[in-house]
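Peer 1: next one to model:
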Amino acid sequence: QVQLVESGGGLVQAGGSLRLSCAASGRTFSIETMGWFRQAPGKEREFVAAIRRSGRTLYGDSVKGRFTISRDNAKNTVTLQMNSLKPEDTAVYSCAARASASLESASQEYDYWGQGTQVTVSS
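Peer 2: A predicted model of the protein is given here:
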């Protein structure tokens, strides 16, 4: 099994930045793709970004140009740098991982999930 633990959420004003981190433990050798999803109250879970072990990335349309996903394979961590934050970015952000190498934006394609961390952007 794989365990994922997120950190770095919090409260920030619009236009500010936050950095989220996700640490993986357990059978980390089985992880090929890691990603971030978010879910706001009353809304469906939304794809944010994903990264392969090779470094190839995929972003959701709403965060392109503002968020950057990166990964440290040696430390089994993935980071989401969020800049130019907007109130509509407010959500619980969850880290996810999957064994397959293909970049996927569908949450059902991911095998492992973290508990999530709250990000609140005030206007």
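
Peer 1: give the contact list for residue 46.
Peer 2: Taking Cβ atoms under 8 Å, 6 or more residues apart in numbering, we find residue 46 in contact with 37-40, 60, 62, 91. Any C-beta I mention is one placed from the backbone N, CA and C, and that applies to glycine too.

Peer 1: in strands only, show me the residues you listed.
Peer 2: Using DSSP state E, the members of those that fall in strands are 37-39, 91.

Peer 1: can you turn the buried part of those residues into a ChimeraX selection?
Peer 2: ChimeraX command restricting these to the buried ones, with burial defined by 16 or more other Cβ atoms under 10 Å:
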select :37,38,91
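
Peer 1: in JSON lines: the ones in strands among the contacts of residue 46, plus distance to residue 113.
Peer 2: Shown next, in JSON lines, are the ones in strands among the contacts of residue 46 (distance: Cβ to Cβ, whole Å):
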{"residue": "37", "distance to residue 113": "8"}
{"residue": "38", "distance to residue 113": "12"}
{"residue": "39", "distance to residue 113": "11"}
{"residue": "91", "distance to residue 113": "15"}
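
Peer 1: name the nearest of the ones in strands among the contacts of residue 46 relative to residue 105.
Peer 2: Proximity of the ones in strands among the contacts of residue 46 to residue 105 (Cβ to Cβ) peaks at residue 37, which lies at 9.0 Å.

Peer 1: what separation is there between that closest one and residue 13?
Peer 2: Separation of residue 37 from residue 13 (Cβ to Cβ, to the nearest Å) stands at 24 Å.

Peer 1: which stretches in the chain count as strands?
Peer 2: 2-7, 10-13, 18-26, 33-39, 46-52, 57-59, 67-72, 77-82, 91-98, 112-113, 117-122.
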